[in-house]
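Engineer: curious how this folds, go ahead:
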Amino acid sequence: MASRLRFLPEGKRDELDFVVEIVREGFAHATERRTMPHLRDAQLLKILLFGSYARGNWVEDPVGRYFSDYDLLVVVNHEDLTDFDVWEKTNRRLIDELSAGTQLRTPASLIVHSLDDVNEKLRLGRYFFIDAVRDGIVLFEEEGHPFATPQPLSAAQALQETRDYFEEWFASARNFMSLSATALASDMMKESAFLLHQSAERAYHCFILTSTLYSPKTHQLNRLRRMAEDREPRFKTIWPNASKAERRAYALLHDAYVKARYSRQYVITAEQLDWLGARVKLLLEIVDTVCRERLTTLEQAA
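Structural biologist: Numbers count the residues shown, from 1 in each chain. The predicted structure follows:
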C-alpha cells in the first residue's frame, strides 16, 4: 500500500490534511456522547485515499466544469458507526468548506465501512476493495488493525456474480426509463423527473457493480457519475454542459430524488424532460455496451 503523497502538488497535500482533520474531528464529535456499551470504544481506524488522486490521473477541467473528487475509504471498528447520522455533520461540513473555497477547493467523498466488513469483502474477492487496499494511500491509521489478505474470485465466480448484477440492475434501469416516459405522457412532470433520476441512478450502479462487484449505497447522482466517468471515459460524453440550459436540466435531474417528491418549488418542463430522457437513453446504451464488453472478457477467461 502506498504511503506517500509527494507526487501530489503541495496545495493538494494541504487540502487532504485539512480533510483528514475534518473527518477526525467530526467522528470524535459524533461519538463522544454515545452511551451504548458496544460504542463506548468507538474508533476511527483508517482513512485511505483511493481512486484518481491515488493513481495520479485526476482531472481538473474548468472549461468542461469537471473535477475529480478526493475518494476516501473511512474504516471504523463497528458497523453501527457507519450509519448516516454519525457522518451527516462531517459530510455537511465538507460541502460547506468546499463552497467557502478557502481551505478546500476539491470535492471530497467518503465511503465508510467497518473493518470487519472490509475484510469480509476482501475475502469475497470484491475488486473495489482489493484495488482500494492495494493501491490506496494511507492518510491516517491506528496501529494493530490489519486488513485481511484478499482472496480473488475464480473466473467462473466472477462471471456469475457480474452477470447477475448486470441483469438485475440494467433491467431495473430500463423499467424506470419506461415508467418515466409514461408519466411524462400523462403530464406528471415531477413523477417523470423522479423516475428518470431512478433510471440514471440504477444505470450507474449497474456499471459500477459490473465493473467492481461493489457500489456505494447512495442516491447522489454526481457521486455515481464521477465514479463511472473515472473508470470509463465514454461516460464523459453523456452530459454536455456548454449552455446554461444544459446545466440547468442536469441540475434538475440531480435534485429530482428529493425535490421532485417533496418541494413545491420544484418545476421541470416537458422540453427539459425530453432532453434529459435522450441523455439517459444514451447512458443506458453506453452501460449496455461496456457491461457486455466486461461480460465477454470474463466469459473468455472462464
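
Engineer: please count neighbours and contacts with C-alpha atoms only from this point.
Structural biologist: Will do.

Engineer: any weak-confidence spans in the stretch 51-200 of the chain?
Structural biologist: Within the stretch 51-200 of the chain, the ranges that satisfy pLDDT under 70 run 63-65.

Engineer: so where do the helices sit in it?
Structural biologist: Secondary structure of the stretch 51-200 of the chain (DSSP state H, counting those that start in this stretch): helices located at 52-55, 84-100, 115-123, 127-135, 155-185, 189-212.

Engineer: of all the ones you listed, which one is nearest Lys281?
Structural biologist: helix 155-185 (7.9 Å; Cα to Cα).

Engineer: just name whatever secondary elements that closest one is in contact with.
Structural biologist: helix 189-212, helix 270-301 (3 or more Cα pairs under 8 Å, 6 or more residues apart in numbering; DSSP states H and E).

Engineer: give me the buried positions along that helix.
Structural biologist: Within helix 155-185, the residues that count as buried by 16 or more other Cα atoms under 10 Å are 158-159, 162-163, 165-166, 169-174, 176-181, 183-184.

Engineer: could you check the angle helix 270-301 makes with it?
Structural biologist: Orientation check (axes from the mean of the first three to the mean of the last three Cα atoms, to 10 degrees): helix 155-185 against helix 270-301 gives 170 degrees.

Engineer: so how far is helix 155-185 off the chain centroid?
Structural biologist: Relative to the chain's own centre, helix 155-185 is displaced by 18 Å; criterion: Cα atoms, centre = their mean, to the nearest Å.

Engineer: same list, the helices of the stretch 51-200 of the chain, but as JSON lines with distance to Thr35 please.
Structural biologist: Listed next are the helices of the stretch 51-200 of the chain as JSON lines, based on distance: least, Cα to Cα, whole Å:
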{"stretch": "helix 52-55", "distance to Thr35": "37"}
{"stretch": "helix 84-100", "distance to Thr35": "14"}
{"stretch": "helix 115-123", "distance to Thr35": "21"}
{"stretch": "helix 127-135", "distance to Thr35": "31"}
{"stretch": "helix 155-185", "distance to Thr35": "39"}
{"stretch": "helix 189-212", "distance to Thr35": "36"}
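
Engineer: from Ser199, how far off is the residue in the chain sticking out farthest from the centre?
Structural biologist: Distance from the C-alpha centroid of the chain, by Cα atoms, centre = their mean, peaks at Ser186 (32.8 Å). For Ser186, the distance to Ser199 equals 18 Å [Cα to Cα, to the nearest Å].

Engineer: what lies in contact with stretch 19-33?
Structural biologist: 39, 42, 44, 47, 86-87, 89-90, 93-94, 104, 108, 139-140 (Cα atoms under 8 Å, 6 or more residues apart in numbering).

Engineer: now the two most distant members of those residues.
Structural biologist: Leu39 and Leu104 (30.9 Å).

Engineer: just the pLDDT for the residue lying closest to Arg34 once chain neighbours are set aside.
Structural biologist: Nearest residue to Arg34, sequence neighbours excluded (Cα to Cα, 6 or more residues apart in numbering): Arg40, at 6.4 Å. Here, the pLDDT recorded for Arg40 equals 74.

Engineer: appreciated, that's everything.
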